[in-house]
Structure formats: structure tokens, C-alpha cells
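Peer 1: Provided below for reference: sequence and predicted model.
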Amino acid sequence: MFCLGVGIALSSMSRLSMDLIESHALEYSALSTQVINEARNLYSTEVVSRAKTVHGITVTHDYTTKKGAIPNPATYVIELGSRISANDRGALIRLYSDYPFPNRRAEGGPKDDFEWDALKFLRQYPTQSFFRQEQIQGRSSFRYAEAIIMEPSCIACHNSHPDSPRMDWKVGEVRGVLEIIQPLDKFVVHTQMSLRSTFITLGGLSVLALSGLILVIGRLRQTAKELKRRVRDRTAALAEANQDLEKRNQIISQIFGRYLSKEVVDKLLEKPEELKLGGQRKTLTILTSDLRGFTALSERLLPEEVVQILNLYLKYMSEVITKYQGTIDKFMGDGILVLFGAPTAREDDTKRAVACAVAMQLAMVPVNETMNAWGYPPLEMGIGINTGDVVVGNIGSEKRTDYSVVGSQVNLTYRIESYTIGGQILISESTFEQVKSIVIIHGYKQVQPKGVKQPITIYQVVGIGDNYNLFIPKEDETFFPLTKTIPLTYKILEGKHIGKNLFLGSLIQLSAKGGKVRSYERRREDLPVELSNISLNILNQSQAEYSDDIYAKVTSIETEKLGFYIRFTSQPPEVKKRLDALYKSINDRSNQSPRLEAGGFQ
């Protein structure tokens, strides 16, 4: 029995020794890698960046053959590793990539299974390390690798250098691997010295403890049998309970997943107490979208056709919103309200909201391809985004509860969306401040929304860079003068209601989606306000109404000329057919005619 106890102790000590050896090697390698990376970053940001501003100094891999040259960061690390390896017998520092420059093709690529495995692992988990023990030239060695991440200071050089093997690098991608190979000999000696004194102490204690251990073992065996039986019974009961719980959760998810986002359902299943009424104040980015002119279109269609179109549109939009981790608060006919930051807040909520909006506009392309195949006119969508403090939570009664948001910032988001024309994305200044470094803006305007005391600035987004790289194709609108103007009347909409005052005017220019109207009224105050909505009716020669209601948004005003530009939001089919034919004929005849650009955000 004593021999058995000693054998167990020796086996445990051996495993402990190997664990300690590997732990020491891992700690040493991680520290060495940190030092080398710090040196490389310091050299790149403080030396190379400054040297590039000095005339006569070049940064290159073959700096020894060129006067006034210094090594580039990669060459610097390679030579630094060579110096360290020379002073530490048996150690080896490697810098390699599966995209080496031509001058390093022989030595700069992966050479064995470990290095290929390291590249594959670190591409998937770039913030972790990859290591294992191997036999190298008959010596037990510890190999440790960390990813080299493409930094902003390096991206321009790698994507423009004529010898670069790849020119589409993005910030944050794994450029290569820094590896340190350490023989385990010196770690073995250090560990054995530390364990020798420990083993001597344990040897004395083991003799004293052995007699008590024999008495305890018998009782432990009996107790273990009883515990094993109880655990087996308990495990079976828990398995059955878990199956019942899983079935219940699946049913709940299937039912409520049709009305709430998966994230909200998952959170409520995890914490049922959050189903209680109440809310909390949070800073969210709110996105709302709406189809332009869909109400007028739906009035000319069968109910089944309206539902078919809505299902098509909402299917594409829901997929995009889910991809960018937005929470769909509600569908409102052809409108959608989306939250970014609830129920779970993330640092990039605002960026993802703007990227989601651009992706939604791009997704309208396949939507309209299907609309065309079905024989319907194309759909256009406007999107408004705002960032601010709201109250979010479970709102309603004990019988009917809605997970939603309330507050003035929600209302402001709807106001911003109401200024959009088809294909536009407008964002508030609070949203712009959080994304201005990565978004592309096509101008801005000051507006005075109803219920807001001071004017606000809104920005038109046409693209977003960084890791998203999403851009709305530019759509130039050409306005052709009409040789024969088209008489019309117009009314100014007040909210959702058409105003009582009727004004006379004529359509004097025409574009593919809009036109320019000259008002016959003599007072400037009779002109509509920029970004307001109007209804129009074309007149016949006897000055009687010739068409059903046409709806449009005023995109810009020429006060002195008593004129304004419009973008159609809804046209009766016969009017659209007539105006499209007229525009096509003018366009075909007048390719060389003077063209006027107007409308939109200039």
C-alpha cells in the first residue's frame, strides 16, 4: 500500500512538473512576444511615420543597399528577432505569412504543419495565442504564435506597394504570425529545482497521512456508491425536466417570434421577470422607414395583392435588419420601427443602424425586380434615423403588453423620416456626430419640425465605409424645359390632410421622377415650404381637372422666380404613363440641350 501511495505521488509530481514547465514556457513566450510587438509598434508609429516626412529618407526591406534608407517595420522585426535569437542559444523567432513579399518568398511563408495550423487558428481567433510542444532536432521545444494584425498605419503601404502580393487588406485582418520557439531544457532545470524541495516535504507528510488514508478510503468507497446512485436518479429527472422546458421554450419562441425580435424573446425566456410592466431610460438609435406613395398604390389593388407586396417588402427588410442586429419594434403597414441598443446595448449601435439603412436601400433592388416580374410599379422607401434618450420596456396593460419605446426622440425620428424622398436616408445631428468619421454625406439642411422649438440639422447619407463598405449608387436627375407647359393646380398638405387653399401653376420642366412648377400666385407666402408635401391636378384646355390626385414632395424653392422643384411620390397610372412618355420623347430629342440640375440636397 505504501509503494502504491508513493507511485501515485510520483505520477502526480511528474504531471505537475510538466504543467509547470509548460506554464513557465508560455509565460516567457507571451512576455517576449509582447516586448517585440511593443518595439514594432513604437518603431512603426514613432520612427517610420516621422522618417517618411524627411526628404531623402526611404523605408524599404533592402535598406542596407540604399543610401539614406531605414528598414520597414517587418524587416526591423526580423532583424530584431535574429539578434535576440543569437543571444539566447537555441531560441528562434520567426515572422511569416501566407502572403509574403517576393523578396521573402523563400523564408517568409509557413514551413511546417505547426505554422499552417497557427495561421488557420489565428485567422479564426486573432486575439488568442496558439502553442504546443514539439520535437525539433531531437530537442523538446515549446512553440508559441500570435497574430500580426493589419494596423491603420500599414494598410496604405500594403494596398499600394507594387510588389505587394495582396492589395485588398482591411484594418484588423491577420497579416501574418509572430512565432517564438524555445527549447524546454532551461525550463526543465528551473522547474526540477523548485519541485525537489517540495517532494522532500511531501515524502515526510505522506508517511504520517498514509495510516489515516487507509481508514478513510473504505468509508469513501461506500459513500461514493450511494452518491453515484443519487446522481444517476437526479440526472434522469433533470434530463426529463429539461426536455419539457425546451419544448415549452420552442413553442413560446414560435408564437412570440412572429411579433417580437428573436433577441427580445430570448431575453424574456431567460428572465421572465422582465415581462412585468415598466420601462427604463436608455440612449438608443432609432430607425424608421416608410414606402413613398404606397397608400395610393394600395387603393388601386386587391387586398390580396397588397398583402403579397407587403410580405415581399418586409421579408427582405427583416433579413437585413436581423443581419445588422436591429430589434424590430413594430410593423406599421408599410412602415417599420427598428431599435439599436435595446434590449441589449452595444458600442457600435449607431454605426450598425446607419449601415443597416444603406443595406435596406440596396435591398430595394431585388424587391423591385420581383415587383417588375409581377407587373407592378417599383417601390421607393425613405428612412430616418435619430439617436437620443427614450423610455424602453413593456408598455400596456396586464392583458396586452407591447415591448416598445416612447419619448420625444421617437417622434423626432418620424419627423426626420417624413422629410425623405424615395431612396433617401436622413439622419439627425446626434446620429451624425457618432458616425461622421465613416459615413459619406450628400449635403445637409436645417429644418423646423413640428413640435421642436429650435431648427435642427439633418444630413443625407449615401454610403458608409469602415468594415461595412456600403454605398448607394448616385442617381443624377436631369430636368428638361417643356416647350409647352402643362397647366395644373396644387394644394399644400398640412400633416396628413390636404389644405383648403387652391393655387394655380404650370409644370415647366420635367425629369424622370419629378419636375419644376411655376406658381401663378404673386405672393411668396403662397409658395410651399421646402420639404413639404403637395397634391397636384393636371388641367385640360378648358381649365378643368384632367387627372386624379398626384402627390409630390418639394425639394427646393426658387423664391424670386416663384417656382419650386418637386419629386413625385405617387402618380395615377394614366398620369405616370403620359409623363414618362413625354420625358422619353424629350430626352431622345434633346441630348444636346442645356440641362438643369435641381432637387435633392445640393
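Peer 2: Structure's in. What do you need?

Peer 1: Count residues in the vicinity of His24, would you?
Peer 2: Here the number of neighbours of His24 (other Cβ atoms under 10 Å) works out to 19. Where you see a C-beta, it was placed from the backbone N, CA and C, and this is true even at glycine.

Peer 1: Confirm that it sits in a helix.
Peer 2: Yes - judged by DSSP: H, G, I helix; E, B strand; the rest coil, His24 forms part of a helix.

Peer 1: Please tell me how far it sits from Ile136.
Peer 2: His24 sits 18 Å away from Ile136, going by Cβ to Cβ, to the nearest Å.

Peer 1: Kindly report the same for Ile508.
Peer 2: Here Ile508 is placed at a distance of 84 Å from Ile136 (Cβ to Cβ).

Peer 1: One more: Ser532?
Peer 2: Relative to Ile136, and taking Cβ to Cβ, Ser532 is found at 77 Å.

Peer 1: What are the buried residues along stretch 321-328?
Peer 2: By 16 or more other Cβ atoms under 10 Å, the buried positions in stretch 321-328 come out as Ile321, Tyr324, Gln325, Gly326, Thr327, Ile328.

Peer 1: Now the last one. Its backbone dihedrals?
Peer 2: As for Ile328, its main-chain torsions (degrees, to the nearest 10) stand at phi -70, psi 110.

Peer 1: and the nearest residue to Gln448 once chain neighbours are set aside, what is it in contact with?
Peer 2: Excluding the flanking residues, the one nearest Gln448 by Cβ to Cβ, 6 or more residues apart in numbering is Pro455, at 4.8 Å. Residues near Pro455 by Cβ atoms under 8 Å, 6 or more residues apart in numbering: Gln446, Val447, Gln448.

Peer 1: Around the last one, how many other residues sit close by?
Peer 2: Spelled out, it's Gln448. So Gln448, with other Cβ under 10 Å, has 12 neighbours.

Peer 1: For it, grab phi and psi.
Peer 2: Torsion angles, degrees, to the nearest 10, at Gln448: phi -120, psi 90.

Peer 1: With Ile421 as the reference, measure out to it.
Peer 2: According to Cβ to Cβ, Gln448 stands 19 Å off from Ile421.

Peer 1: same question, Lys315
Peer 2: When distance is defined by Cβ to Cβ, Lys315 is 24 Å away from Ile421.

Peer 1: got it, and Gln137?
Peer 2: Per Cβ to Cβ, Gln137 is found 72 Å from Ile421.

Peer 1: Neighbour count: the two, which is higher?
Peer 2: Regarding Gln137 and Ile421, a neighbour count based on other Cβ under 10 Å identifies Ile421 as having more, with 23 against 7.

Peer 1: quick one, what contacts that one?
Peer 2: Neighbour list for Ile421: Arg292, Glu380, Gly382, Lys553, Thr555, Arg567, Thr569, Gly600 [criterion: Cβ under 8 Å, 6+ apart].

Peer 1: mind redoing it with 10 Å?
Peer 2: 292, 380, 382, 460, 513-514, 531, 552-555, 566-569, 599-600 (Cβ atoms under 10 Å, 6 or more residues apart in numbering).

Peer 1: Stretch 535-548 - what's its average pLDDT?
Peer 2: The predicted model gives stretch 535-548 an average pLDDT of 78.

Peer 1: whoops, I mixed them up, stretch 512-526
Peer 2: Mean predicted lDDT for stretch 512-526 stands at 88.

Peer 1: cool, and stretch 348-365?
Peer 2: The pLDDT scores in stretch 348-365 average 97.

Peer 1: got any ranges where the stretch 251-400 of the chain has weak pLDDT?
Peer 2: 251-278, 398-400 (pLDDT under 70).

Peer 1: quick one, helices of it?
Peer 2: In the stretch 251-400 of the chain, the helices defined using DSSP state H, counting those that start in this stretch lie at 262-270, 294-298, 303-323, 349-374.

Peer 1: Same check on the stretch 101-250 of the chain?
Peer 2: Using DSSP H, counting those that start in this stretch, the helices of the stretch 101-250 of the chain run over 113-124, 152-160, 185-256.

Peer 1: still on that earlier bit, looking at the contacts of Pro455, which one is closest to Lys66?
Peer 2: Gln446 (55.6 Å; Cβ to Cβ).

Peer 1: That closest one against Val452, yeah?
Peer 2: No - using Cβ atoms under 10 Å, Gln446 is not in contact with Val452; the gap is 11.5 Å.

Peer 1: So which of those two has more stuff around it?
Peer 2: Comparing Gln446 with Val452 by neighbour count (other Cβ under 10 Å), the higher total belongs to Val452, at 13 against 10.

Peer 1: Would you mind measuring from that one to Lys561?
Peer 2: Per Cβ to Cβ, Val452 is found 30 Å from Lys561.

Peer 1: Check Ile385 too.
Peer 2: 34 Å.

Peer 1: more crowded one of these two?
Peer 2: Taking other Cβ under 10 Å, Ile385 and Lys561 do not tie; Ile385 has more neighbours (30 against 11).

Peer 1: Any idea what that one is bridged to?
Peer 2: On the basis of DSSP bridges, Ile385 is bridged to Leu287, Ile427.

Peer 1: just checking, it touches Ala357?
Peer 2: Yes - Ile385 is in contact with Ala357 according to Cβ under 10 Å; the separation is 6.0 Å.

Peer 1: what sits in contact with each of these two?
Peer 2: Leu287, Ser289, Val338, Ile425, Leu426, Ile427, Val461.

Peer 1: For those, pick the one with the most neighbours.
Peer 2: Ile427 (32 neighbours).

Peer 1: residues in contact with it?
Peer 2: By Cβ under 10 Å, 6+ apart, the residues touching Ile427 are 285, 287, 350, 353-354, 357, 383-387, 413, 416, 433-436, 439, 441, 444, 457-461.

Peer 1: could I get stretch 501-510 in CSV with only the CA atoms?
Peer 2: The C-alpha coordinates for stretch 501-510 follow below in CSV (Å, rounded to 0.1, in the frame of the first residue of the first chain):
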residue,chain,number,x,y,z
ASN,A,501,-56.4,76.8,-50.5
LEU,A,502,-56.1,76.0,-54.2
PHE,A,503,-53.2,77.5,-56.2
LEU,A,504,-52.7,77.8,-59.9
GLY,A,505,-49.4,77.0,-61.7
SER,A,506,-47.8,75.0,-64.5
LEU,A,507,-45.2,72.3,-65.0
ILE,A,508,-42.4,74.0,-66.9
GLN,A,509,-39.6,71.4,-66.6
LEU,A,510,-39.7,67.6,-66.4
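
Peer 1: list the buried ones in it?
Peer 2: By neighbour count on 16+ other Cβ under 10 Å, the buried set for stretch 501-510 is Phe503, Gly505, Ser506, Leu507, Ile508, Gln509, Leu510.

Peer 1: Who is the third one paired with across the strands?
Peer 2: Looking back up the chat, that one is Ser506. Under the criterion used (DSSP bridges), Ser506 bridges to Pro487, Arg518.

Peer 1: Count the residues that sit near the residue nearest to Val406 when sequence neighbours are not counted.
Peer 2: Counting by Cβ to Cβ, 6+ apart, Val406 lies nearest to Val391, which is 5.2 Å off, once chain neighbours are set aside. The number of residues packed near Val391 is 16, by other Cβ under 10 Å.

Peer 1: which residues does Val391 contact?
Peer 2: By Cβ under 10 Å, 6+ apart, the contact set of Val391 is Gly278, Gly279, Gln280, Arg281, Lys282, Ser404, Val405, Val406, Gly407, Gln409, Val410.

Peer 1: same question, Leu536
Peer 2: By Cβ under 10 Å, 6+ apart, the residues touching Leu536 are 486, 488-491, 503, 505, 507, 515, 517, 547, 549-552, 566, 568, 571, 575.

Peer 1: run the last query once more with 8 Å
Peer 2: Contacts of Leu536 by Cβ under 8 Å, 6+ apart are Leu488, Thr489, Tyr490, Val517, Asp549, Ile550, Tyr551, Ala552, Ile566.
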